[in-house]
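In: Please find the sequence and the predicted model below.
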Amino acid sequence: MFTFINALPKICPDLQSLEAYLDLPKSALRSIQKLQKLRHLGLEIGRSQESNIEKFSGIARLPNLRLLQFSRPYWSDPDVQKFLPIFGPPEPFCALQQLDFCASLESIANWLPSFISPNLTTFTAEFEGTWADESEESELSAKELCYELCNTLTNHARSPSNTLRTLSFINKSDVSSIEVESLQPLLALRGLETLVFDIPLIEFNDHTLIKWARAWSNLKTFKVEASSGDDIMITLFGVKMLFQLCPDLKNLSLAFIATELDSVPEIPLAPPLCHGLEDWNVAVSQVTPATLGPVLAILNWVFLDMLDVKSRRSKMADNAVSELLPRSLERVTAIEGDAVIYPGGFSTI
């Protein structure tokens, strides 16, 4: 494998994409640094300080690198996150637009400051394993580490040339969650257009949703994955405000609870909002036969041209009374559940 990588500058001098998640020797690293047309590079975080400095000092000068992906080794090393390269002038990663990390929260929080670039538009953090590296206890709590990571992104956003538009936080361990309070620094990122939390959020309620909508009024894609219906704290009061404050929103993944009539807002006297949302995943939302009519009524006020609303599981009783579907909604499906709403009415399966 290393022989092949060493030969790449000769056999593929115009190579634009390379993923090498291995503990590469210096010879392979020097060969990669000769691939001046590389636009996408995926690497493994090195085992030692020496290898990291060797590895990143070279690739930091690649003039066309747009996407950089890092993955932590399968083995766990408590000192990995301490070996951070320090870049001197000229400014490293001058063309970098997208940065992806796949590691523990502790590693990502510690490594991010060394790699954030002035032209960064997209950042993705995939959290693996436990929040901290498994072989030693973290000096900071998960909440503090998450706040530190978000604060690094915010400091970058304060620069006049800030271009950050897309943030994604993905949980690959299925054991952790994020406290919304630790995400507070992100409210300074006023230019965000895509925000994805594929991870449970603690204390995510209407108050938080509305505060976020005010801060991120330019959102076009907003996704918050709910682990189960029992964890939902969002009502249609918060959802209605989200649509009013984010007029450009096109793609939404957000569950709500509407099991009581007082959790569904009345139709305002104002003209219909006519929001242009195109796709809404309402997985694990909770609606009852008694609230179905008011829910559909307020959604009819919100939307003019709602293309598709999808639900993997909607909690509706089998004996629900047939209700007319708002003309703005074409389809509401329960893919794994026992209820389907079709244009013109409601039926159970």
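Out: Done, it's in. Numbers count the residues shown, from 1 in each chain.

In: Please, where are all the strands along the stretch 51-200 of the chain?
Out: Under the criterion DSSP state E, counting those that start in this stretch, strands of the stretch 51-200 of the chain are mapped to 67-71, 98-103, 122-127, 166-171, 178-179, 194-198.

In: same deal with the stretch 201-349 of the chain?
Out: 201-202, 221-224, 251-253, 257-258, 279-281, 286-287, 308-311, 332-334, 339-342, 345-348.

In: So what are the sheet partners of the fifth one and their directions?
Out: In other words, strand 279-281. strand 251-253 (parallel), strand 308-311 (parallel) (DSSP bridges).

In: can you tell which of the strands of the stretch 51-200 of the chain is closest to Pro185?
Out: Closest approach to Pro185 among these (CB to CB): strand 166-171, 11.6 Å. Every residue, glycine included, has its C-beta placed from N, CA and C.

In: mind listing what the closest one pairs with, with the direction of each?
Out: Going by DSSP bridges, the partners of strand 166-171 are strand 122-127 (parallel), strand 194-198 (parallel).

In: TSV for those strands, including mean neighbour count?
Out: Shown next, in TSV, are the strands paired with strand 166-171 (neighbours: other CB atoms under 10 Å):
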stretch	mean neighbour count
strand 122-127	21
strand 194-198	19
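
In: most residues in a single helix of the protein, which one?
Out: Criterion DSSP state H: the longest helix present in the chain is helix 142-157.

In: Just the pLDDT at the residue lying closest to Leu183 once chain neighbours are set aside, thanks.
Out: Leaving aside its chain neighbours, Leu183 sits nearest to Cys150 (5.7 Å; criterion: CB to CB, 6 or more residues apart in numbering). Confidence at Cys150, expressed as pLDDT, is 94.

In: Distance check, Cys150 against Leu67.
Out: 22 Å (CB to CB, to the nearest Å).

In: Which residue of those two possesses the greater neighbour count?
Out: Cys150 (23 against 16; other CB atoms under 10 Å).

In: Contacts only, for that one.
Out: Neighbouring residues of Cys150 by CB atoms under 8 Å, 6 or more residues apart in numbering: Ser182, Leu183, Gln184, Pro185, Leu186.

In: thought the last one was touching Thr152?
Out: What it means is Leu186. No: using CB atoms under 8 Å, Leu186 is not in contact with Thr152; the gap is 10.8 Å.

In: Pass me the low-pLDDT residue ranges in the stretch 51-200 of the chain, would you?
Out: Within the stretch 51-200 of the chain, the segments meeting pLDDT under 70 span 51-55, 73-91, 129-140, 157-161, 174-175.

In: let's see 80
Out: For the stretch 51-200 of the chain, the stretches with pLDDT under 80 are 51-58, 72-92, 118, 129-140, 156-162, 173-176.

In: nearest to Val264, of the strands of the stretch 51-200 of the chain?
Out: strand 194-198 (24.7 Å).

In: for the stretch 1-150 of the chain, what spans make up the helices?
Out: In the stretch 1-150 of the chain, the helices defined using DSSP state H, counting those that start in this stretch lie at 2-11, 26-33, 49-59, 105-115, 142-157.

In: Would you mind finding the most buried of those helices?
Out: helix 105-115 (a mean of 23; mean count of other CB atoms under 10 Å).

In: what helices or strands is it leaning on?
Out: strand 67-71, strand 98-103, strand 122-127, helix 142-157 (3 or more CB pairs under 8 Å, 6 or more residues apart in numbering; DSSP states H and E).

In: Put the alpha carbons of the longest one into CSV.
Out: Taking only C-alpha atoms (Å, rounded to 0.1, in the frame of the first residue of the first chain), the coordinates of helix 142-157 have been written out as CSV:
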residue,chain,number,x,y,z
ALA,A,142,-18.7,16.7,28.1
LYS,A,143,-20.6,20.0,28.5
GLU,A,144,-17.4,22.0,28.8
LEU,A,145,-15.8,20.3,25.8
CYS,A,146,-18.8,20.9,23.7
TYR,A,147,-18.8,24.6,24.7
GLU,A,148,-15.1,24.8,23.9
LEU,A,149,-15.6,23.4,20.5
CYS,A,150,-18.5,25.8,19.7
ASN,A,151,-16.5,28.7,21.1
THR,A,152,-13.7,27.9,18.6
LEU,A,153,-16.2,28.0,15.7
THR,A,154,-17.6,31.3,17.1
ASN,A,155,-14.2,32.9,17.3
HIS,A,156,-13.7,32.0,13.7
ALA,A,157,-17.0,33.6,12.8
